[in-house]
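Novice: let's see this in three dimensions:
(chains A, B, C and D)
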2 protein chains.
Amino acid sequence: MATQRDVARAAGVSLAVVSAVVNGTSHTRMRESTRTRVLRAMQQLGYQPNHAARSLRLNHTGMIAMILNKLDNPVYGPLRQGVYEAAAEHGATVLLGDAETMRSGSQFLTRLLSQGTVDGILIRGEGLLDDDVMAELRSHPKPILILEHAPDHPWIDIDDRRAGEIATRFLVNLRHRHIVFIGGSGYISQQRYLGYQQAMDSAGLAPAPHLATGFGEQAGADGLRQAMQAATAPTAIVVNNIMSAVGVLAAAHDLGIAIPDRLSVIGIHDVDLMQHLRPAVTAVRMPMYQLGWAGVEALYDLIAGRPGTGGLITDPEPELVIRDSATALNPPGT
Amino acid sequence: MATQRDVARAAGVSLAVVSAVVNGTSHTRMRESTRTRVLRAMQQLGYQPNHAARSLRLNHTGMIAMILNKLDNPVYGPLRQGVYEAAAEHGATVLLGDAETMRSGSQFLTRLLSQGTVDGILIRGEGLLDDDVMAELRSHPKPILILEHAPDHPWIDIDDRRAGEIATRFLVNLRHRHIVFIGGSGYISQQRYLGYQQAMDSAGLAPAPHLATGFGEQAGADGLRQAMQAATAPTAIVVNNIMSAVGVLAAAHDLGIAIPDRLSVIGIHDVDLMQHLRPAVTAVRMPMYQLGWAGVEALYDLIAGRPGTGGLITDPEPELVIRDSATALNPPGT
DNA sequence: CTTCGGTGACGTATCGTTAATTCAACGTAG
DNA sequence: CTACGTTGAATTAACGATACGTCACCGAAG
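Specialist: Model (predicted):
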């Protein structure tokens, strides 16, 4: 494989000139004719710069890592998109990792920890990382940004509390009185429950306890079964996790509960899948793309030594997407 | 950040000894006491090896890239899992990329093309990459393995033809006569259609033309609508893409077609979601995990200069997972 | 005729690691 | 007592790219 040295020899110039041509450095100037001669030599030899050598010399790699707690979750699609695009803007590539495989001593963690791999790290699902993993990560000299509220770290987050509130208020406005919140575990779920609680309170309704059954389809099904065992069955449900909503729909079907006629359902987060389910699921769309974009920006602030523009993303707001899974309880006609 | 030099100074030994301790090299021997002294110094200084420097020196990085045509697709979950685990076995990390963002000149492509980034490349969805991107990739000196049948490249693939055959034969055995294949585009879809055709032929039935409507939920819905417009409506459908199956279910619901009573549906590929849909979808499970694992093994064969053990993965075979979306046409009782 | 500034380019130290080579010290066999 | 093998470790030359310092050359100003 051709190196700068080969190019230099072929073009009859020194290493320095080739480097200058490659990087457009102004330090070393050259005649236009020299430049084209070097360019032609590069082409002929099929020269490709060596990333490892550059990284070593420059002490940065143009790569950032993003750790997600469940790579499969479709809600991360737009997040990834935002991160990729913003990273590209900074000339960076993204190394994707799953929190599930991030055990202490794992390949991925070892790679991150070693110097000269990435310029910074983005994490969503911090609560799902082992404490010792977080401790090892914290010892990393490159900046870490948490895409989630974090007490002792730079962070940036979407407004989950507000989403819970919006979803619940929508159901309240539909005249529902017995509304249950099916949640997961962790801070994010907790925030959404808080929003639910707040909306219930301000409507003068009694919030039901947080049904924390976990994540995914099965969790939703379990949650619904639990909810229906209450003394007075709910007429509406806020589902914390979008994949759980699929489980809720399935369990309702199995229990012979018609949606939305007997039970209204609203999910937090919106993904393509929701409009293709039957009934199509009413959901609160979260600005995940923006989270990704803003996360990268904030991370690069940190990398540049600037304070970092974190906090809650409030623009755009979580947005209600009305479909068919929620309906008014007592239509005006009755 | 501490370097080997710092550790050497702190431990009172030379660089070479530190390197030997880190790598367990037998070349440079040392007293056990020296070893522990070095180890202690490493701990105290929080030494982490520099990846860029190692890569430069060793001329390999311990990273491989995997390019997928649609990162979001849940069928890739097990593939990724297999790749990650096999890669870890080789001490390697995986750089994930999406074919959709792999335009010529994109960050990701540029990064891959430069030397010293990855030791090899895995691609699934080759047909979806632009020709010029493939050409640029081909000029890469590191090995490339296509996770899909490829005429002019090392490749490894699952048996898509067989999957189409198994799905179709299942419906034939259920006494269906009018079976339609809703497909996508590209080689993989084509193979599955071939299997469908073969099963129809050997049952003495006339295969319907390939309804190539693309990928995803909308494609499935479109496919069903087209299928139902035929002179004699089908009683069963083989859906090429698992996400399309969701669309088929939705469209059937909207058209008032009961599944499985009036229409049997079977999908190719199986994901968790399928068992949580209502009706739960009968599907053909493909050995995606094995594809990932075998792909990495074959890639490392290539990297080591060995011929590479490609070809079709026939063990395990595609496996029928019977759920509720397909039923016999004329039960014995009628 | 010298001095000066600008242009165009070169030489080389450096980044952190690894591996080949060299070397000192020590024991032991002849 | 010398020669030699073994052990334990140090020196050093790459790996490829970058940026600092240097320098030759040339035209113009003093």
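Novice: separation between residue A:274 and DNA strand D?
Specialist: Per C-beta to the nearest atom of the strand, to the nearest Å, residue A:274 is found 46 Å from DNA strand D. Any C-beta I mention is one placed from the backbone N, CA and C, and that applies to glycine too.
Novice: assign that residue to helix, strand or coil.
Specialist: Three-state assignment for residue A:274 (DSSP: H, G, I helix; E, B strand; the rest coil): helix.
Novice: wait, it sits on residue A:285?
Specialist: No. Assessed by C-beta atoms under 8 Å, residue A:274 is found out of contact with residue A:285, at 9.5 Å.
Novice: list residues touching both of the two?
Specialist: Taking C-beta atoms under 8 Å, 6 or more residues apart in numbering or on different chains as the criterion, residue A:274 and residue A:285 both touch residue A:321.
Novice: which residue is nearest the centroid of chain A?
Specialist: With distances taken as C-alpha atoms, centre = their mean, residue A:79 lies nearest the centre of chain A, 4.4 Å away.
Novice: looking at residue A:274 and residue A:285, which is more packed in?
Specialist: Taking neighbours as other C-beta atoms under 10 Å in any protein chain shown, residue A:274 and residue A:285 compare with residue A:274 leading, 21 against 18.
Novice: how near is that one to residue B:269?
Specialist: Using C-beta to C-beta, to the nearest Å, residue A:274 is found at 21 Å from residue B:269.
Novice: interface residues of chain A facing DNA strand D?
Specialist: A:1, A:3-5, A:15-16, A:18-19, A:22-23, A:25, A:27-28, A:47, A:49-50, A:53-54, A:56-58 (C-beta under 7 Å from any atom of the strand).
Novice: go with 10 Å
Specialist: A:1-8, A:14-29, A:47-59 (C-beta under 10 Å from any atom of the strand).
Novice: quick one: the strands in chain A?
Specialist: For chain A, the strands defined by DSSP state E cover A:63-68, A:93-98, A:120-124, A:144-146, A:156-158, A:179-183, A:211-212, A:236-239, A:264-268, A:282-285, A:311-313, A:319-321.
Novice: quick check: the residue of the stretch 1-150 of chain A nearest DNA strand C.
Specialist: Residue of the stretch 1-150 of chain A nearest DNA strand C, by C-beta to the nearest atom of the strand: residue A:30 (2.7 Å).
Novice: what is the burial count for the nearest residue to that residue once chain neighbours are set aside?
Specialist: Leaving aside its chain neighbours, residue A:30 sits nearest to residue A:17 (5.7 Å; criterion: C-beta to C-beta, 6 or more residues apart in numbering or on different chains). Using other C-beta under 10 Å, residue A:17 is surrounded by 22 other residues.
Novice: one more: residue A:128?
Specialist: Residue A:128 has 18 neighbours, counted by other C-beta under 10 Å.
Novice: for the nearest residue to it once chain neighbours are set aside, give its distance to residue B:134.
Specialist: Nearest residue to residue A:128, sequence neighbours excluded (C-beta to C-beta, 6+ apart): residue A:69, at 4.4 Å. According to C-beta to C-beta, residue A:69 and residue B:134 sit 34 Å apart.
Novice: those two: who's more crowded?
Specialist: Between residue A:69 and residue B:134, counting by other C-beta under 10 Å, residue A:69 is the more crowded of the two (21 against 17).
Novice: what's near enough to touch that one?
Specialist: By C-beta under 8 Å, 6+ apart, residue A:69 lies in contact with A:98, A:99, A:100, A:124, A:125, A:128.
Novice: tell me which of these is nearest to chain B?
Specialist: Taking C-beta to the nearest C-beta as the measure, chain B sits nearest to residue A:98 out of the contacts of residue A:69, at 7.7 Å.
Novice: next, give phi and psi for the spatially closest residue to that closest one that is not a sequence neighbour.
Specialist: Spatial nearest neighbour of residue A:98, excluding adjacent residues (C-beta to C-beta, 6+ apart): residue A:71 at 4.6 Å. Phi and psi for residue A:71, reported as degrees, to the nearest 10, are phi -50, psi -30.
Novice: residue A:71: neighbour count?
Specialist: Other residues lying near residue A:71 total 23 when counted by other C-beta under 10 Å.
Novice: over to residue A:309?
Specialist: 12.
Novice: could you pull up the residues touching it?
Specialist: Contact analysis of residue A:309 by C-beta under 8 Å, 6+ apart lists A:156, A:294, A:297, A:298, A:301.
Novice: first to last residue in stretch A:230-246, what's the distance?
Specialist: Distance between the two ends of stretch A:230-246: 21 Å, counting by C-alpha to C-alpha, to the nearest Å.
Novice: and that stretch, what's its mean pLDDT?
Specialist: Computed over stretch A:230-246, the mean pLDDT rounds to 91.
Novice: and the stretch 1-150 of chain A, which residues reach DNA strand C?
Specialist: Contacts of the stretch 1-150 of chain A with DNA strand C, taken as C-beta under 10 Å from any atom of the strand, map to A:4-5, A:8, A:11-21, A:25, A:27-35, A:37-38, A:52-59, A:114-116.
Novice: at 6 Å instead, please
Specialist: Selection of the stretch 1-150 of chain A residues close to DNA strand C by C-beta under 6 Å from any atom of the strand yields A:13, A:14, A:15, A:16, A:17, A:28, A:29, A:30, A:31, A:34, A:56, A:57.
Novice: okay, and which of these map to helices?
Specialist: Under the assignment DSSP state H, those contribute A:15, A:16, A:17, A:34, A:56, A:57 to helices.
Novice: can you redo the residues you listed as CSV with pLDDT?
Specialist: Below are those laid out as CSV (pLDDT from 0 to 100):
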residue, pLDDT
A:15, 89
A:16, 88
A:17, 90
A:34, 87
A:56, 93
A:57, 92
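Novice: for these, which one is nearest residue B:313?
Specialist: Nearest to residue B:313, judged by C-beta to C-beta, of these is residue A:56 at 39.6 Å.
Novice: burial check on the closest residue to the closest one other than its chain neighbours, number of neighbours?
Specialist: Once flanking residues are discounted, residue A:56 sits nearest to residue B:52: 4.2 Å by C-beta to C-beta, 6+ apart. Using other C-beta under 10 Å, residue B:52 has 25 neighbouring residues.
Novice: hang on, residue A:287 packs against residue A:318?
Specialist: Yes. With contact defined as C-beta under 8 Å, residue A:287 reaches residue A:318; the gap is 7.4 Å.
Novice: contact partners for residue A:64?
Specialist: Residue A:64 neighbours (C-beta under 8 Å, 6+ apart): A:87, A:92, A:93, A:94, A:95, A:118, A:119, A:120, A:121, A:122, A:296, A:299.
Novice: so which of the residues you listed wins on neighbours?
Specialist: Highest neighbour count within these: residue A:299, with 30 neighbours (other C-beta under 10 Å).
Novice: follow-up on the earlier one: can you pick the most crowded of the contacts of residue A:309?
Specialist: Going by other C-beta under 10 Å, residue A:156 tops these with 27 neighbours.
Novice: so how far is residue B:31 from it?
Specialist: Distance from residue A:156 to residue B:31, by C-beta to C-beta: 51 Å.
Novice: again with residue A:219
Specialist: Distance from residue A:219 to residue B:31, by C-beta to C-beta: 56 Å.
Novice: what does residue A:37 give?
Specialist: Distance of residue A:37 to residue B:31, computed by C-beta to C-beta: 56 Å.
Novice: again, but for residue A:27
Specialist: As judged by C-beta to C-beta, residue A:27 and residue B:31 stand 49 Å apart.
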